[in-house]
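>>> test case, fold it:
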Amino acid sequence: MTHLWVRAEQRANEDRVGLTPEGAKALIDAGLRVTVEESGVRVIGIEDYRDAGCEIAPENAWPNAPHDAIIFGLKELPEDGTPLPHRHIMFGHAFKGQHSGRALLERFKAGDGTLYDLEYLVDEDGRRVAAFGYWAGFAGAAVTLKAWAAQQHGKLCGPVGVYKNKDALLNELHAELDATNTARPDAIVIGALGRVGTGASDLMEAMGVTVTKWDMPETAHGGPFPEILDHNLFINCILAGPQTPVFVPRDALTADRKLTAIGDVACDPDSDYNPVPVYNRATTWDAPALRVADDPVLDVMAIDNLPSMLPLESSVDYASQLLPSLLTLTDLSSGVWARAEATFNTHMKDI
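Residues are numbered from 1 along each chain as shown. This next block holds a predicted model:
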């Protein structure tokens, strides 16, 4: 019997989960065995999983799970160097040359385990079967607006945290914008037709912000893009790649511009193809905005785990996208799982 073991997340500020109780019941009804670890932070309570028929295990018990169990989590494992003998489903961040990624693959090699990387679960056409993009855009736009609101008081954006649900975030943000006693800013979203851009645009429009929506047709000429500097806010939703043009060049720091806040939701400051090269490091929940210019002011928001701010909505959305693939775990030799294992094996050749 295929055994899926849902581990507790161990990264700070990570309350999400990739399987809901309803999804767990669907797996059990399909003949899978499902174990869920207890968690002190998971947004969905353990009793809901118990009621769905799941077996319950202590928090962080997965290293001692049966060898044939498939361990399922979202974010990174503790970097303790131990061999990994199980099959793991998670975001490994290991296939793009990351230093920590190589260390992770070395652990899989030492334990003879397998990584099914969630980023590389793709259909026959190479499209990801599940992604958190919408809520990344939604939360990223919200924090960028918070940065703009703080500027109106002569301040830098303060710490952000987890919200019970999106309404709690929207209510707080409405109050912060109203407290500026200033008309709402305007914004330009690039990548507006994708999941990330749709989420960003929806948040902005919910706040009464006028949004200019750009996608590939508007950026195909390769730049420059002076229109970006003519908006108060810019939200980048385009993942960096060789084909990506520069949207905000370094000389924008001293240019005559209306732009005062950038939300780089794609958040790839270390990339050679960073389309927003006015900053060089990600920001954090404690310090969400990085000031890169003072006259005129320009702040950059570049948090790399934005969906974690809205763990309930992002978990439910992501889990519903992923469930059809989880239902095929009984056959790892074909479909998304075979493709993911082939990707893993390709990268293991260099380890």
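>>> C-alpha only now, for contacts and for neighbours.
Fine.
>>> show the contacting residues for Ala130.
Counting by CA atoms under 8 Å, 6 or more residues apart in numbering, Ala130 makes contact with Leu118, Leu121, Tyr318, Gln321, Leu322.
>>> isn't the first one up against His88?
No - between Leu118 and His88 no contact is recorded; they are 9.8 Å apart, counting by CA atoms under 8 Å.
>>> re earlier: need the buried ones from the contacts of Ala130 selected in ChimeraX.
In ChimeraX, a selection of the buried entries from the contacts of Ala130 looks like this (16 or more other CA atoms under 10 Å):
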select :118,121,318,321,322
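>>> between the contacts of Ala130, which is closest to Lys164?
For the contacts of Ala130, the closest approach to Lys164 (CA to CA) belongs to Tyr318, at 17.0 Å.
>>> from Phe132, how far off is the closest one?
Separation of Tyr318 from Phe132 (CA to CA, to the nearest Å): 6 Å.
>>> likewise Gln152?
Gln152 is 31 Å from Phe132, by CA to CA.
>>> those two: which has the busier surroundings?
Applying other CA atoms under 10 Å to Gln152 and Phe132 shows that Phe132 carries more neighbours, namely 20 against 14.
>>> adding pLDDT, write the contacts of Ala130 out as TSV.
Listed next are those as TSV, based on pLDDT from 0 to 100:
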residue	pLDDT
Leu118	97
Leu121	98
Tyr318	98
Gln321	98
Leu322	98
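>>> and the contacts of Ala130, which two are the farthest apart?
Distance extremes for the contacts of Ala130: the farthest pair is Leu121 and Tyr318 at 12.9 Å, using CA to CA.
>>> off-centre distance for stretch 187-199?
The chain centre lies 15 Å from the centre of stretch 187-199; the measure is CA atoms, centre = their mean, to the nearest Å.
>>> can you name the residues in contact with it?
For stretch 187-199, contacts defined as CA under 8 Å, 6+ apart pick out 133-138, 200-201, 204, 209-216, 228, 231-238, 265.
>>> pull out the buried members of those.
Buried by 16+ other CA under 10 Å: 133-138, 200-201, 204, 209-213, 215, 228, 231-238, 265, out of these.
>>> where exactly do the helices run in the stretch 251-351 of the chain?
311-326, 335-348 (DSSP state H, counting those that start in this stretch).
>>> quick one: residues in contact with the longest one.
What that stands for is helix 311-326. Helix 311-326 is contacted by residues 14-20, 23, 27, 43-44, 129-132, 135, 162-166, 307-308, 336 when judged by CA under 8 Å, 6+ apart.
>>> hmm, back to that, now, the contacts of stretch 187-199 that are in helices?
Gly133, Tyr134, Trp135, Ala136, Gly137, Phe138, Ala200, Ser201, Met204, Met216, Ile228 (DSSP state H).
>>> how about those residues, which pair is most distant?
Farthest-apart pair in those is Trp135 and Ile228; separation 23.1 Å (CA to CA).
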